[in-house]
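Student: Sequence plus predicted model, see below.
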Protein chains: 2
Amino acid sequence: MPKMPANKTPKDGGDTDEKIRARNIREILKAATEIFSRKGFDGARIAEIAEASGLPKANVYYYFSSKEEIYRAVIEHLIEGWDDAFAHISGDREPQDAIRSYVAAKLAYTRRNVIESRLFANEIIRGAQFLSRKDRQHMRTVTDEKVKVIEDWIAAGKLLPVDPRHLFIMLWSATQFYADFEPLACDALHTTKLKSMDYSHAAATISETVLRGLLPAGQI
Amino acid sequence: MPKMPANKTPKDGGDTDEKIRARNIREILKAATEIFSRKGFDGARIAEIAEASGLPKANVYYYFSSKEEIYRAVIEHLIEGWDDAFAHISGDREPQDAIRSYVAAKLAYTRRNVIESRLFANEIIRGAQFLSRKDRQHMRTVTDEKVKVIEDWIAAGKLLPVDPRHLFIMLWSATQFYADFEPLACDALHTTKLKSMDYSHAAATISETVLRGLLPAGQI
DNA sequence: TCAAAAGCTGACCAAAGTGTCAACTTATTA
DNA sequence: TAATAAGTTGACACTTTGGTCAGCTTTTGA
């Protein structure tokens, strides 16, 4: 009977040859994601992360030099899900089709990745301090690109005039809500630009959009 | 020259006769709200709260017996803002008027009370552990009441059919977004009921609403 | 004016938590 | 198979922080 490595459970199945380093780091990040999501940065204890990943605390420090480094690694990993849903907003498609897919994709992702989504949103709320300049720039770029798509739709008469950024906020925040209360997923939009946003404009955008959507034709 | 009490600054102006106890508790809660909002429950240190309120730490413990008690007091205080915006959703009004006022009121409150709003949302996200059963029940009751208003509007043909709860989520989450990124304020909706919500229904509600709102008449 | 109540506070603990380390075991490779 | 690298770990050092306390000062009210 061949001896199995201590922290290698049978259910691991195929990847028996996975390098020790890769496997341990993966386990640590998985545990860390879960715990940071539930407790936040300050609330999370590395002893708990260690226990959850099946390693002694000192071993966690063998791979990561600090709690912040673990957190940063976790956050970095989350950006990947960012582009996917946004990809649905494409100039090639018709608006109703694109927006429906976007919302559906977002909610589906949210549903499957509750933990990550919630953690990501939390990081955004805390000011995205641990997101690299590069990642923030990336998100801003992608957003700008999609804003352009909406603007083109409007120019082509396929959509009634609407501020694309406020529209994205509506879509993002509404879908994110479901992550915060049940599963998890999402993206961040531009933190910086919001500072200069006009609140009455935001109010008008949201309420008018909703009203145009819900009132019987002609009443508005 | 009359000696002024140590922790009584001149700018306090009129309320010179305010009772010591009331004033100190107010200062502590004010500082605590700010710090809990920025750092979360675990991240907040009572030494920092003490410093921010101009009192030595031991003095804070003279009024509150634990960190949790302070937090609880802060949260309790926030519920008050809950009903106000929702009051706009009234059966006496026309839907477009009511919803416009609701969104505007919400954003205005949000703008003025960034800190509290963010803190409240954070507490909700963390599962509203520190909200009393009574407060949660209250919020649920108010929500149910407003759901009824929307349903009546729909029955009267004043609104196209829509799930009122999802509509509220759209409105709440969108307005809340602005609190999380700039100022602060809000409400919570029913955490419990969300568990049984159908995600594809949510997706449909959101995307269809937005589409009906934005597509030129007749295209949908 | 004086005693009791209320308020104040520096100093101090004990618990918890981050991060370190030296010695040990297991894997790799020539 | 032997030497080197990689991985493991219990124990510990050090810091932070929630919370306590005994004794002090100020306020209150009769």
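Tutor: Okay, I see it. Residues are numbered from 1 along each chain as shown, chains lettered A, B, ... in the order given.
Student: interface residues of chain A facing DNA strand D?
Tutor: Contacts of chain A with DNA strand D, taken as CB under 7 Å from any atom of the strand, map to A:6-7, A:19-21, A:24, A:55-59, A:61-62. Yep, even glycine has a C-beta here, placed from its N, CA and C like the rest.
Student: Now list the buried members of those residues.
Tutor: A:24, A:55, A:61 (16 or more other CB atoms under 10 Å in any protein chain shown).
Student: was I right about the second one contacting residue A:28?
Tutor: Yes. Judged on CB atoms under 8 Å, residue A:55 makes contact with residue A:28 at a distance of 7.0 Å.
Student: which stretch of helix or strand covers residue A:50?
Tutor: Residue A:50 is part of helix A:46-52 when elements are defined by DSSP states H and E.
Student: name the helices or strands packed onto that helix?
Tutor: In terms of contacts (3 or more CB pairs under 8 Å, 6 or more residues apart in numbering or on different chains; DSSP states H and E), helix A:46-52 is packed against helix A:20-43, helix A:57-63, helix A:67-78.
Student: So for the first one, mean pLDDT?
Tutor: Mean pLDDT, taken over the full extent of helix A:20-43, equals 94.
Student: go on, stretch A:92-110?
Tutor: Rounded mean pLDDT across stretch A:92-110 is 82.
Student: can you tell if it touches chain B?
Tutor: Yes. For stretch A:92-110, a contact with chain B is found by CB under 8 Å from any CB of the partner chain, at A:95, A:96, A:99, A:100, A:102, A:103, A:104, A:107, A:108.
Student: from chain A, which residue is nearest to DNA strand D?
Tutor: Taking CB to the nearest atom of the strand, DNA strand D has its nearest neighbour within chain A at residue A:58, 2.7 Å off.
Student: residue contacts, that residue?
Tutor: Not one residue lies near residue A:58 by CB atoms under 8 Å, 6 or more residues apart in numbering or on different chains.
Student: The residues of stretch A:92-110 next to chain B in helices, which ones?
Tutor: Judged by DSSP state H, the subset of those located in helices is A:95, A:96, A:99, A:100, A:102, A:103, A:104, A:107, A:108.
Student: Can you pull the domain assignment for chain A?
Tutor: A:17-77, A:79-214 (automatic domain parsing).
Student: Which one of those domains lies nearest to residue B:45?
Tutor: Proximity to residue B:45 (CB to CB) singles out domain A:17-77 among the domains of chain A, at 9.5 Å.
Student: By mean pLDDT, which helix or strand of chain A comes out lowest?
Tutor: Least confident helix or strand, chain A: helix A:191-194 with a mean of 26, by mean pLDDT, DSSP states H and E.
Student: In a markdown table: the buried ones among the residues of chain A next to DNA strand D, plus distance to chain B.
Tutor: Below are those laid out as a markdown table (distance: CB to the nearest CB, whole Å):
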| residue | distance to chain B |
| --- | --- |
| A:24 | 26 |
| A:55 | 23 |
| A:61 | 21 |
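Student: for residue A:42, what are its contacts?
Tutor: Contacts of residue A:42 (CB under 8 Å, 6+ apart): B:39, B:40, B:42, B:43.
Student: one more time with 6 Å, if that's ok
Tutor: Residue A:42 sits next to B:42, B:43 when contact means CB atoms under 6 Å, 6 or more residues apart in numbering or on different chains.
Student: now swap in residue A:53 and tell me
Tutor: Applying CB under 6 Å, 6+ apart, one finds that residue A:53 lies in contact with A:27, A:28, A:31.
Student: Out of those residues, grab the one that's most surrounded.
Tutor: Highest neighbour count within the contacts of residue A:53: residue A:28, with 24 neighbours (other CB atoms under 10 Å in any protein chain shown).
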